[in-house]
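# Fold the following, please.
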Amino acid sequence: MAPIKLLIIDDELDFRESIALYFLDAGYTVFEASNGREGLDVFERERPDIVFTDLRMPVMDGFEFIAELSALNPDTPIIVISGVGLVEEVIHAMRLGARDYIVKPILDMDELKLVIMRALRESSLLKEIDSLKDKLLSGQLRHPEAFAGIITQNPPMIAAMQYLEAIAVTSQPVLITGETGTGKELLAQAVHKISGRKGPFIAVNVAGLDDQMFADALFGHVKGAFSGADQRREGLLVQAAAGTILLDEIGDLHEVSQIKLLRLLQEGEFYPLGSDTLKRTDARIVAATNRDLHGMVKEGSFRSDLYYRLFAHQIKIPPLRERNYDIALLLEYFLREAAQALGKKCPTPPPELCSYLTAYDFPGNVREMRSMVFDAVARHNKGVLSIESFRRAIGREFAVKAPVHKASQRSIILRDGDEERMPTLAEAEAVLIEQALDLAGGNQGVAASCLGISRNALNKKIIRGRA
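Got it, this is the predicted structure:
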C-alpha cells in the first residue's frame, strides 16, 4: 500500500517541521526543502505526488520554483502556503501553475488534508480528459491485448472499451453494469491490465455477505475482534495494495455496508475490525452489477451518495440480443475453443445454425452461448455439427420471446368491410409462416424449427400457398 508522497518547501524550519509531523502521523511520506532550488532537486529524486511551497525564500523563490516545476511536470499539483496576502502575487502564482493558495497561519491542519485530496482528484481528472481526447481522436484501441477475451464488432461495445482504456490510468472508481453473462469481469480485468498497476486483481462477490462478513473481507480484523477471531487477518484491501478490487453484485450490498464503502471511496481510509488504527489504501475499486442502481436509488434501497460516487465512470454493456452481428464471430471462436479444450477437431457448423442462434434472445448472454457450443462439441462425433443440442437447450419457447418485426405483427382476426371474422386454416397458416420467416430473417430452416415442422414440409406449404 503506497502512501501519498508530499514535498514541503519553506525556509521556516519550525513551520515546515510542524506540517511534516502532521502528515507523517496521517500516513504520508514527507520530504522537505528550504528553498526552490533544493525543492527541484528533491522532486527529481523522489517524484512526490503533491507539493506545498512558500513564495518568499532565498536562493530560489516560490514563483521561480512554480514556473520551473510546471514546465518540468505540469501534472503535479502545487499548493502555495504563504504569509504573503497580496492579490496580485496570488494571481501571479496561479498563472505560473499553482493549483491552490492557503494563507499563513494555518489554524485548521485538517484543511490541508482536504486540499490535498481535492488537488489529487483534479489532477486525476485532467489526465483522464487528455486520455479521452487521445482515444476519441485515434478511434482505435491502443491495448487490444487487454480485451483479447472479448469478441465483438459491435460499435457500442467497442466504444465502451475505448472509454475504459481512457479512464484506466486514473484512480477513480468504475461502475460496470450489464445483464448476467455479458462479460463484466472481463472488462474489469482489462481496466486493471491497462492501468499498469503493480498489485493483483482480486474479485469478490458481495451478494449474500452480511455487514460483518463484508467488513471482514475488505478491511480484515485484529485478534479478538469478535468471537472466533483467534488471529489477525489482513483484508482484501491490504492484499490488493497497488492493485484492483472488483466488487461484483454491488447492488446486493446491505445498507450499513454501503456506508462503509462510501467512506472508503471518499477518504481512501478504513479501520480493520476491532482496531482503532486508521489505514490507507491505494487499491482501485471497480464495482459491477446486473441491477438497475438508478431505480434502486429512487425506491430507497441503494444510497444516492454512494451511487453518484460510483457514477464517476460508468459503463453499460449491451446484451447479446443487441449484438446480432457478433453471433457468427462468437460461434466460430467458441467452436475453436471448445474443440481445443476437448481435444477434438473443430467441427463445421450447419449453414442455418447462425440464423437459428440470431433468432434467440439469449437471456444468459455470452456465457449461455458458450455453454451451448461446448455442449454441442462435446456431443459431436463426426461430420457437420448437429443442431439438435442447440434446439434442446433453447427450447420451443424462444420464438415467443424473440422480438418480431412490426411488418409481421398481423392479427389472426380478419376483417371483411366492417365485420371481423375468424380466418380459415389456410389463411391462419399463411400468417404463421410469414411471421416465422420474418423472425428467422428469411431462413427457411430456422423458420421450420420455429413452426415445429421439417424444412421440406415448410417449402411445400410455401409453394402451395403461392399456387
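
# What is the three-state secondary structure of the residue nearest the centre of the chain?
The residue lying closest to the centre of the chain (C-alpha atoms, centre = their mean) is residue 176, at 3.8 Å. Three-state call for residue 176 (DSSP: H, G, I helix; E, B strand; the rest coil): strand.

# Begin at 309, not 1, for the rest of this chat.
Yes, from this point I'll number from 309; that puts the last item at residue 484.

# was I right about it contacting residue 598?
No. Using C-beta atoms under 8 Å, residue 484 makes no contact with residue 598, being 10.0 Å away. Quick note: C-beta positions are derived from backbone N, CA and C, even for glycine.

# which residues are in contact with both of these two?
Between them, residue 484 and residue 598 share these contacting residues under C-beta atoms under 8 Å, 6 or more residues apart in numbering: residue 492.

# any idea which element the closest residue to residue 751 other than its chain neighbours lies in?
Leaving out its chain neighbours, the residue that sits closest to residue 751 by C-beta to C-beta, 6 or more residues apart in numbering is residue 663, at 3.9 Å. Secondary structure assignment for residue 663, by DSSP states H and E: helix 661-666.

# For that helix, what is the distance to the chain centroid?
Computed by C-alpha atoms, centre = their mean, to the nearest Å, the chain-centroid distance of helix 661-666 equals 30 Å.

# can you check stretch 647-660 too?
33 Å.

# ok, residues contacting it?
The contact list for stretch 647-660 (C-beta under 8 Å, 6+ apart) reads 639, 643-644, 646, 682, 685-686, 688, 692-695, 751, 753-754.

# A helix includes residue 623, no?
No. Counting by three-state DSSP, one finds residue 623 to be strand, located in no helix.

# Can you give me the pLDDT of it?
pLDDT for residue 623: 91.

# Could you do residue 729 as well?
So, for residue 729, pLDDT stands at 68.

# what does residue 471 give?
87.

# what about it, helix or strand, and which?
Using DSSP H and E, residue 471 falls in helix 463-475.

# Check which residues of that helix are buried.
By neighbour count with 16 or more other C-beta atoms under 10 Å, helix 463-475 contains the buried residues 465, 466, 468, 469, 470, 471, 472, 473, 474, 475.

# Could you tell me how many residues sit around the closest residue to the third one other than its chain neighbours?
Counting by C-beta to C-beta, 6+ apart, residue 468 lies nearest to residue 623, which is 4.9 Å off, once chain neighbours are set aside. Counted with other C-beta atoms under 10 Å, the burial measure for residue 623 works out to 22 neighbours.

# Could you report the separation of residue 623 from residue 616?
Using C-beta to C-beta, to the nearest Å, residue 623 is found at 16 Å from residue 616.

# cool, residue 663 as well?
44 Å.

# and what of residue 423?
Where residue 616 is concerned, residue 423 sits at a distance of 22 Å (C-beta to C-beta).

# Settle it for me: which of these two has more neighbours?
For residue 423 versus residue 616, the count of surrounding residues by other C-beta under 10 Å is larger for residue 423: 19 against 10.

# Double-check that that one belongs to a strand.
No. With three-state DSSP as the criterion, residue 423 is helix rather than part of a strand.
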